[in-house]
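Asker: Predicted coordinates and the sequence they were generated for:
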Amino acid sequence: MNADEYSNLECVERTHWYYSGKRALVRAWLQRARPPQPTDVLLDCGAGTGIFAKEMEAHCRVLVLDDHAEALRLLRTRFRPEQILSLAGDAVPLPDASLDFVTALDVLEHVPDDAAMVRGFHRLLSPGGIALVTVPASMALWSDWDEALHHFRRYSRPQLRALFTSDRWELIHVNYTNVVVYPAVWWVRKLRTLQKRLGRPAPAGRSEDREPARPINDLLRAIFVRLAMWRVPFPFGVSLVLVARRRG
């Protein structure tokens, strides 16, 4: 991710309906799958600015992992040195079966070999441990935003499910989220792509970086979180959430 994207993110993620809503739905799904206990250990992979991991310290012990210099700079302002991990080659420097929870919020799309990353989750989790991931959905929404964030892909539900094979994982939940705004997001991104192809200047700033007026922001967050907790299989959405339990 470009360094300036971290600045954009830090400016909006505490209160923007999407970022704050995503953290809320992840906490809710963790509670539903297996309520974290004070002695449990959670590793947040690709922790970014560290806001989600910091919130989880109220529920369990937390470790954070990232390999971007700007992210590590921000993480050092929020966590003790022993909580911050860097990759050792391609591996996380932790023993097998040493974790109770692994979260990766909008991370898998950034790595070339997402299957290898999921195998790493399995190695790190103890039997019965929970993996929770969120990813951007639908290649129809691919845009300059994905390019700026260095995405390799956006996912379909079958594509995400296939990473968590039934011999290793019990799938608790996998569904599209951010359903209601899908038409608007599709239109905005297609319009921006068309403007780029025609050589016309894009509007200043991106809609993803701007927080709506507070009443709209609060309404969008409430709808986002409420629908993300439903088990109704939605046919599309801007994002996906998956919750899986490691088999023994």
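Answerer: Arrived safely, thanks for sending. Numbers count the residues shown, from 1 in each chain.

Asker: Residue 229 contacts residue 27, doesn't it?
Answerer: No: in this structure residue 229 lies outside contact range of residue 27 using CB atoms under 8 Å: 11.1 Å. Where C-beta positions appear, they are placed from N, C-alpha and C, glycine not excepted.

Asker: So for those two, which sits in the more crowded spot?
Answerer: It is residue 27, of residue 229 and residue 27, that has more neighbours when counted by other CB atoms under 10 Å, with 19 against 15.

Asker: so that one touches residue 56, yeah?
Answerer: Yes: Residue 27 lies in contact with residue 56 (CB under 8 Å); the separation is 7.4 Å.

Asker: Strands of this structure, residue ranges please.
Answerer: For the chain, strands defined by DSSP state E occupy the ranges 41-45, 61-65, 84-85, 99-105, 125-136, 169-177, 239-246.

Asker: Just checking: what are the partner strands of the third one?
Answerer: In other words, strand 84-85. Strands flanking strand 84-85 in the sheet, each with its direction: strand 61-65 (parallel) (DSSP bridges).

Asker: To what extent is the residue lying closest to residue 246 once chain neighbours are set aside buried, counted in neighbours?
Answerer: Using CB to CB, 6 or more residues apart in numbering and skipping residues adjacent in sequence, the residue nearest residue 246 is residue 125, 4.3 Å away. Taking other CB under 10 Å as the criterion, the count of residues near residue 125 is 25.

Asker: Residue 103 is in contact with residue 125, correct?
Answerer: No: when contacts are counted by CB under 8 Å, residue 125 is not listed as touching residue 103 (11.3 Å).

Asker: Could I get the average pLDDT for stretch 240-248?
Answerer: Mean per-residue pLDDT for stretch 240-248: 97.

Asker: Could I get the CA-only coordinates of that stretch as PDB?
Answerer: Below are the C-alpha coordinates for stretch 240-248, written out as PDB (Å, rounded to 0.1, in the frame of the first residue of the first chain):
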ATOM      1  CA  LEU A 240     -16.800 -10.600   2.000                       C
ATOM      2  CA  VAL A 241     -16.400 -11.900   5.600                       C
ATOM      3  CA  LEU A 242     -15.400 -15.400   6.400                       C
ATOM      4  CA  VAL A 243     -15.200 -17.100   9.900                       C
ATOM      5  CA  ALA A 244     -13.600 -20.500  10.200                       C
ATOM      6  CA  ARG A 245     -12.600 -22.900  13.000                       C
ATOM      7  CA  ARG A 246      -9.400 -24.900  12.800                       C
ATOM      8  CA  ARG A 247     -10.100 -28.600  12.900                       C
ATOM      9  CA  GLY A 248      -8.100 -30.700  15.400                       C
END
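
Asker: buried stuff in it?
Answerer: Neighbour counts using 16 or more other CB atoms under 10 Å place 240-246 of stretch 240-248 among the buried residues.

Asker: can you give me the helices in this structure?
Answerer: 3-12, 17-33, 51-56, 69-76, 114-124, 144-148, 157-163, 182-197, 214-228 (DSSP state H).

Asker: So which of these is nearest residue 174?
Answerer: Shortest distance between residue 174 and the helices of the chain, using CB to CB, is found for helix 157-163: 5.6 Å.

Asker: Please name every helix or strand in contact with that closest one.
Answerer: In terms of contact count using 3 or more CB pairs under 8 Å, 6 or more residues apart in numbering; DSSP states H and E, helix 157-163 is assigned the packing partners helix 114-124, strand 169-177, strand 239-246.

Asker: Nearest the geometric middle of the protein, what residue?
Answerer: In the chain, the C-alpha closest to the average C-alpha coordinate belongs to residue 105, at a distance of 1.8 Å (CA atoms, centre = their mean).

Asker: Give me the nearest residue to it, chain neighbours excluded.
Answerer: Closest residue to residue 105 apart from its sequence neighbours, by CB to CB, 6+ apart: residue 134 at 4.9 Å.
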